[in-house]
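Participant: got a predicted structure here, sequence first:
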Amino acid sequence: MEHHSRPLNLCHVNPKSIIINRAHMLVHGTALLILIRYRASFFFTEGASTPDQPTTLAWLLIFLGELTLSLTWLLHRAFRWRPVSRDAFPERLPGDGELPAIDVLVCTADPDKEPTVEVMNTVITAMSLDYPPEKLHVYLSDDGGSPLTLCGMREAYDFARTWLPFCKRYGLKTRCPKAYFMDEADVSTGEGYDYEKQEVKEKYELFEAHINGYRIRHQSESRNARLDHPSTIEVIHGSSSDEVVRADQQQMPLLVYVSREKRPSHSHNFKAGALNVLLRVSGVVSNSPYVLVLDCDMYCNDPSSARRAMCFHLDAKMSPSLSFVQFPQLFHNISENDIYDSKIRLPFGTLWFGMDGLQGPLLSGSGFYVKRESFYGKSMQEGITTNLADLKAIFGHSNEFIKHLQRGDKLNKNILSDPRAASTETELLASCHYENGTKWGQEVGFMYGSVAEDFFTSFALHCKGWRSVYCFPPRPQFLGASTTNLNDLMVQVTRWSSGLAQVGFSRFSPLIYAPWRMSILQTMCYAELAFLPLYCLPLCCFATIPQICLFNGIPIFPEVSSSLFLVYCFVFLSSLSKHLHEVVESGHSVRTFINEQRIWMIHSVTTYLYGSVNAVLTNTGVRGASFLPTNKIANDEQSERYEKGVFDFQTSVVFLAPMVGLVILSMASFVGGIARVLVSGGWDKLFAQIALSFFILVMGYPVIEGMARTDTGRIPLSAAMWSALLSSALLLVGSALLVH
Ligand SMILES: O=c1ccn([C@@H]2O[C@H](COP(=O)(O)OP(=O)(O)O[C@H]3O[C@H](CO)[C@@H](O)[C@H](O)[C@H]3O)[C@@H](O)[C@H]2O)c(=O)[nH]1
Ligand SMILES: [Mn+2]
């Protein structure tokens, strides 16, 4: 390879953020220590028990809440220790001939919820990446096993034959046809452009019409096939004659449809299972050394991401230990107000930059270029064994696959030219039982055992010594669709929390498993994320105990006149202003800051709580699977219900009870607290009561607002009332326990 005098990428450390972060850490940390000392001293001072004395239980719970919050705060500092950002210079890459090949793996699961036209748009953008077409291979995994998706693939291939040359000729950046024809932002002035554009547009409309026509014609077909079907693997050639096809293959990337075998009795491991099948099938077909993973709802918004990623993978210094380059997940369907924080700013706008300065960001489900080898080796240094029996015990009994483990990237001409032999081999690799007794999902491939397979897989990679980098160019390289209504969001975040906590509460818990395998700061990052759902503990305490105490006139915080009260105020303001600073620094508004605070509170008393409980139940074997739908086609009957996009009764009660209960509690304590002062004449305490009640109301208000503004807007009244009843009963019991 030619020698590059100029670097392919640069890493910038921002000294200003580092100074601000570390100074804040020192001051805020000191204040926290003072508060902890104040709480702890309660247990060592023996005071005469007066009626106004806080009960030990209340004090203990608040103390535990404050301690967990302080600990998570401490873990969070690791993300702020050394944030870095990176630049890539694709124009400095070697010539096309020297670029390594890439396999793009796209996953789809359910043509009803993931419209085929949109999935195909994603496939088309992957095919039109700015990369030598003979080095680009696109695979789609269809977990629904749907003939509609297969039909869509053929149509997509046909359309791509017009679309790819059109994009190239006019240097278009928006390569998602749907987005391109919708907002018309990307215009070119070349000769004949307008005419050709019209022609391409007509072809695109035809492409859509074909898919929709097929869907309507086959609407009545049963959905059961989704959970029970053999494997189907097909190299897509489109509908043109053989000669055209052969001529095409020079300029068109390879396109392969893969639907793995599914049987109701067999556990399929969701997306991780699908990706492992794709890794194997692509391993015997094109076996590219690099792999791009995409969710079907996340298209390539810019064709340059592959070359950008190569700026890191081909960097001689970085390459040997580099496993993957992660791009941020950005979304095209975010409303201006974004009350549910659908854009998920925190990880992609702050945390990943911080991890990039340590050992690298998390694998984030979609939009990452990963080195195939890092899924195969035991650890970075060890490499793969060469003993055939050992290899079979690890990778399964496909000779073809094992042969390819050691052979570099070469398009497998045999497999492509002899479809029958090819399908026997690939269908074996995609069968239900192939993984039995092998190390797939444990030591090789994407990890099983957590519904947050991306979190768990990158944890395993980092533990093995690999590193990763975060690349955030100004123009979004990938754009996806995020969940934008409360119902979907609750289900999704419960699933994520459950997946995170599943790792946190297992023998792979970052705090036990990681310290010997990665730096202490990287360990802290993983621990923070794995225990993120535990925010439910402190927040449930803070959402109830101060209110109950206020209602009953029990002092649980220092008096307003005490200097410790100032320390509390300081901690409150300091943590809020630090958060505000980070939001603004990442280019977002004050509105985003408010929304993030609100949704954090909502999640803490609902999804985080259920996720943690679910993880404990799953890990201890009390429940085989989750009690909430963990994935799109995990349970057909449930998914049918969620499809309607309304809050059904059960979900409403489950998700709303805590929120409604807390709002009622806040109001009751506000009114009750003041009434008590008025009746008993303790005027000196009036100010404190009002201040605290006001504070509680401010905390409660966002919950009401957030509930009232669900996109679906159809929370059944009966469900809300049941929620209120249920939560009030719980609170009464809690109240009795605390006061007596
Ligand atoms: O059995 C399954 C389930 C899902 N998928 C696909 O996996 C992707 C993500 O699944 P989805 O149900 O859309 O989950 P989201 O919550 O939207 O996904 C987020 O969370 C996942 C982890 O829970 C990550 O893998 C994703 O990248 C991330 O975008 C989609 O393309 C699905 O088609 C499958 O292929 N097989
Ligand atoms: Mn999704």
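Facilitator: Cool, got the structure. Ligands and ions are numbered 1, 2, ... in the order given.

Participant: when you work out contacts or count neighbours from here on, use the C-alpha atoms and nothing else.
Facilitator: Will do.

Participant: buried residues in the host helix or strand of residue 165?
Facilitator: Assigned by DSSP states H and E, residue 165 belongs to helix 147-170. Using 16 or more other Cα atoms under 10 Å as the burial criterion, the residues of helix 147-170 that qualify are 148-161, 163-164, 166-167.

Participant: that helix: what's the following helix or strand?
Facilitator: By DSSP H and E, the next helix or strand past helix 147-170 is helix 177-183.

Participant: residues of the helix or strand just after that next one that come out buried?
Facilitator: Downstream of helix 177-183, the first helix or strand assigned by DSSP H and E is helix 193-217. Applying a neighbour-count criterion of 16+ other Cα under 10 Å, one finds 197, 200-201, 203-204, 207-208, 211-212, 214-215 buried in helix 193-217.

Participant: next, the angle from helix 193-217 to helix 147-170.
Facilitator: Relative orientation of helix 193-217 and helix 147-170, computed by axes from the mean of the first three to the mean of the last three Cα atoms, to 10 degrees: 180 degrees.

Participant: wasn't residue 560 part of a strand?
Facilitator: No: according to DSSP: H, G, I helix; E, B strand; the rest coil, residue 560 belongs to no strand; its state is coil.

Participant: quick thing: my sequence starts at 584, can you match it?
Facilitator: Will do, 584 is the new start, and the previous item becomes residue 1143.

Participant: and the buried residues of helix 730-753 near ligand 1, which?
Facilitator: For ligand 1, no contacts are drawn from those by Cα under 6 Å from any ligand atom.

Participant: ok so, going back, just put the buried residues of helix 776-800 in TSV and tack on pLDDT and distance to ligand 1.
Facilitator: Shown next, in TSV, are those (pLDDT from 0 to 100; distance: Cα to the nearest ligand atom, whole Å):
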residue	pLDDT	distance to ligand 1
780	91	30
783	94	27
784	94	27
786	96	26
787	96	23
790	96	22
791	96	20
794	96	18
795	95	19
797	94	20
798	92	18
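
Participant: turn those into a markdown table, columns for distance to residue 1188.
Facilitator: Conversion of these to a markdown table gives the following (distance: Cα to Cα, whole Å):
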| residue | distance to residue 1188 |
| --- | --- |
| 780 | 52 |
| 783 | 51 |
| 784 | 49 |
| 786 | 50 |
| 787 | 47 |
| 790 | 46 |
| 791 | 43 |
| 794 | 43 |
| 795 | 42 |
| 797 | 45 |
| 798 | 41 |
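
Participant: pick the one among those residues closest to residue 1192.
Facilitator: residue 798 (39.9 Å; Cα to Cα).

Participant: settle this for me: the closest one is touching residue 732, isn't it.
Facilitator: No: applying Cα atoms under 8 Å, one finds residue 798 not in contact with residue 732, separated by 9.5 Å.

Participant: hang on, residue 1082 packs against residue 1035?
Facilitator: Yes: using Cα under 8 Å, residue 1082 is in contact with residue 1035, at 4.5 Å.

Participant: which of these two has more neighbours?
Facilitator: Each of residue 1082 and residue 1035 had its neighbours counted (other Cα atoms under 10 Å), and the higher figure belongs to residue 1082 (26 against 23).

Participant: surely that one forms part of a helix?
Facilitator: Yes: per three-state DSSP, residue 1082 lies within a helix segment.

Participant: what's the pLDDT at it?
Facilitator: Per-residue confidence at residue 1082 stands at 91 (pLDDT).

Participant: what residues are up against it?
Facilitator: 1033-1036, 1194, 1198 (Cα atoms under 8 Å, 6 or more residues apart in numbering).

Participant: pLDDT weak spots in the stretch 884-1033 of the chain?
Facilitator: 962-964, 966, 990-1004 (pLDDT under 70).

Participant: spell out which parts of it neighbour ligand 1.
Facilitator: Within reach of ligand 1 by Cα under 6 Å from any ligand atom, the stretch 884-1033 of the chain has these residues: 947-949.

Participant: CSV for these, including secondary structure and distance to residue 714?
Facilitator: Rendered in CSV, the data for these read as follows (DSSP: H, G, I helix; E, B strand; the rest coil; distance: Cα to Cα, whole Å):
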residue, secondary structure, distance to residue 714
947, coil, 23
948, coil, 22
949, coil, 19
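
Participant: backbone dihedrals for the residue of the stretch 884-1033 of the chain found nearest ligand 1, please?
Facilitator: When distances are taken as Cα to the nearest ligand atom, the stretch 884-1033 of the chain reaches nearest to ligand 1 at residue 948, 3.0 Å away. Main-chain torsions, residue 948, degrees, to the nearest 10: phi 80, psi -40.

Participant: now swap in residue 698 and tell me
Facilitator: Dihedral angles for residue 698 - degrees, to the nearest 10 - are phi -50, psi 130.

Participant: could you list the residues of the stretch 734-883 of the chain in contact with ligand 1?
Facilitator: Counting by Cα under 6 Å from any ligand atom, the stretch 734-883 of the chain sits next to ligand 1 at 853-854, 857, 878-879.

Participant: of the residues you listed, which belong to helices?
Facilitator: The helices, defined by DSSP state H, take in 853-854, 857 from these.

Participant: just the buried residues of those.
Facilitator: 853-854, 857.

Participant: out of the residues you listed, the closest to residue 981 would be?
Facilitator: residue 857 (17.7 Å).

Participant: would you agree that closest one is in contact with residue 844?
Facilitator: No: assessed by Cα under 8 Å, residue 857 is found out of contact with residue 844, at 10.0 Å.

Participant: mind putting the residues of the stretch 734-883 of the chain next to ligand 1 in CSV, pLDDT included?
Facilitator: Output for those, formatted as CSV (pLDDT from 0 to 100):
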residue, pLDDT
853, 89
854, 93
857, 96
878, 96
879, 96
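
Participant: dump the residues you listed to CSV, plus distance to residue 1129.
Facilitator: Formatted as CSV, these follow (distance: Cα to Cα, whole Å):
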residue, distance to residue 1129
853, 42
854, 43
857, 48
878, 44
879, 46
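
Participant: which residue packs closest to residue 1118, ignoring adjacent ones?
Facilitator: For residue 1118, ignoring the flanking residues on the chain, the nearest one in space by Cα to Cα, 6 or more residues apart in numbering is residue 1187 at 5.6 Å.

Participant: I figured the one you found hits residue 1115, correct?
Facilitator: No: between residue 1187 and residue 1115 there is no contact under Cα under 8 Å: 9.3 Å.

Participant: which one's more surrounded, these two?
Facilitator: residue 1187 (22 against 18).

Participant: in a helix, that one, correct?
Facilitator: Yes: the assignment for residue 1187 is a helix, going by three-state DSSP.

Participant: which helices and strands does the helix or strand where residue 1134 lies pack with?
Facilitator: Here residue 1134 sits within helix 1119-1135, counting by DSSP H and E. Contact partners of helix 1119-1135 among helices and strands, from 3 or more Cα pairs under 8 Å, 6 or more residues apart in numbering; DSSP states H and E: helix 639-664, helix 1173-1188, helix 1190-1202, helix 1232-1263, helix 1300-1322.

Participant: okay, the residues of the stretch 884-1033 of the chain next to ligand 1 in CSV with neighbour count next?
Facilitator: Formatted as CSV, those follow (neighbours: other Cα atoms under 10 Å):
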residue, neighbour count
947, 21
948, 19
949, 24
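
Participant: dump these to CSV, plus distance to residue 1056.
Facilitator: As requested, those are exported to CSV (distance: Cα to Cα, whole Å):
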residue, distance to residue 1056
947, 16
948, 19
949, 16
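
Participant: and residue 1065, what is it in contact with?
Facilitator: 914-917, 925-926.

Participant: what about residue 1173, neighbour count?
Facilitator: 12.
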